[in-house]
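A.B. asks: Pasted the sequence and its predicted model underneath.
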Amino acid sequence: MRTVKAWAATSATAPLSATTIERRDVGPNDVLIEIAYAGICHSDIHTARSEWGQAPYPLVVGHEIAGTVAEVGSDVTRHRVGDRVGVGCLVNSCRECDACRAGKEQYCPQSIGTYNATDRDGTITQGGYSTHVVVTEDFALKIPEGLDLDVAAPLLCAGITTWSPLRRWGVGEGSKVAVVGLGGLGHMGVQLAVALGADVTVLSQSLKKQEDGLALGATDYRATSDESTFEDLAGHFDLILNTVSAQLPIKRYLGLLAPEGTLVNVGGPVEPFEVPAFSLIVGGRSLAGSNIGGIPETQEMLDFCAEQGIGAKIEVISADQVNEAWERVVASDVRYRFVIDAATI
């Protein structure tokens, strides 16, 4: 076992604090990664505060990890010491089910999350708010040279979470896409959809971030607090990507879809939606969900971002600023992703 420094939650209400954790020894198929940067995702906060079920404590969160390979196991073939790599929301899966064979490990019934999951040895996985992590080589992604590690880190969650539905629903030249919310997920959704050739509109509560949205490539930016938005854009979009975790009047948003259009949720509100059946039946519309992406798709996304010059818009912080950063995330006071400099841990 290897002792490494980390920042952990010790209860649902206590602030994160500096500590040490144990990482397993590097096995034949493992890589040891020296973490350079760890992105802060709102999921980290929900989990650490036991808002999505009781968490085990102490718990180290973080599933947007970028760094370099420091050691490889005897049977590793995919990576070498010094390689630039990333780890996202998963660190293992069964490798045998239909989902795994299709490269969609996120839907494996035995998938193992980067933190707050039971690993194969019975221990609880600990995430990226630490100096090092050990993962099996197949779940370490290659970060292309065209991407700086700090802007690449959030792509391992925010990037793939928005990329996967854009690809699944065939977004390309001429597609009309709306992105609901311009936060950590939404700002990636806009950039990726634009790069795929779509005509993109941002739907937000206000016009506060309009300048940012247009600078990211959106051709339109509408306030959902304005009644005329739902009148002007009725029946307009092929795909609506909902990135927010707030309750939405789903019937109104479904009305913005063109015939056979789809509204995809990647944000996860706690309360259930109320969906009148005829909002779907009329126009043959669909309401769907999407959960991150598999390893092949995540690598595809990283390569695409490097080719297109796309990265997360970030604010780099030191580890001792993490509690303040969490409060700002909850208050939607970040443009658009906090990233922890692991050298300060």
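C.D. replies: Arrived safely.
A.B. asks: Please count neighbours and contacts with C-alpha atoms only from this point.
C.D. replies: Will do.
A.B. asks: any idea how far Ala55 is from the residue lying closest to Gly289 once chain neighbours are set aside?
C.D. replies: Here the nearest residue to Gly289 in space, its sequence neighbours aside, is Asn265; by CA to CA, 6 or more residues apart in numbering that works out to 4.6 Å. Counting by CA to CA, to the nearest Å, the separation of Asn265 from Ala55 is 24 Å.
A.B. asks: How is Cys100 assigned, secondary-structure-wise?
C.D. replies: helix (DSSP: H, G, I helix; E, B strand; the rest coil).
A.B. asks: Contact partners for it?
C.D. replies: Taking CA atoms under 8 Å, 6 or more residues apart in numbering, we find Cys100 in contact with Ser93, Cys94, Tyr107, Cys108.
A.B. asks: List buried members of those by neighbour count.
C.D. replies: Buried members of the contacts of Cys100, counted by 16 or more other CA atoms under 10 Å: Ser93, Tyr107, Cys108.
A.B. asks: confidence score at the last one?
C.D. replies: Reported pLDDT at Cys108 in the predicted model: 97.
A.B. asks: hmm, back to that, so which two of the contacts of Cys100 are the farthest from each other?
C.D. replies: Taking CA to CA as the measure, the contacts of Cys100 span a maximum distance of 10.6 Å, between Cys94 and Tyr107.
A.B. asks: what about Asn133, distance to Pro269?
C.D. replies: You called it Asn, but residue 133 is Val. 30 Å.
A.B. asks: So for the two, which sits in the more crowded spot?
C.D. replies: Neighbours were tallied for Val133 and for Pro269 using other CA atoms under 10 Å; the higher tally belongs to Val133 (25 against 13).
A.B. asks: so what's the more buried one up against?
C.D. replies: For Val133, the contact set (CA under 8 Å, 6+ apart) comprises Arg23, Leu32, Ile33, Glu34, Ile35, Gly127.
A.B. asks: Can I take it that it is in a helix?
C.D. replies: No. Counting by three-state DSSP, Val133 is not found in a helix; it is strand.
A.B. asks: tell me the centre residue of the protein?
C.D. replies: For the chain, Cys157 is the residue whose C-alpha lies nearest the centre (CA atoms, centre = their mean; 2.3 Å).
A.B. asks: Show the pLDDT at that residue.
C.D. replies: Among the per-residue scores, Cys157 holds a pLDDT of 97.
A.B. asks: give the contact list for it.
C.D. replies: Cys157 is in contact with Cys41, His63, Glu64, Gly88, Cys89, Ile292, counting by CA under 8 Å, 6+ apart.
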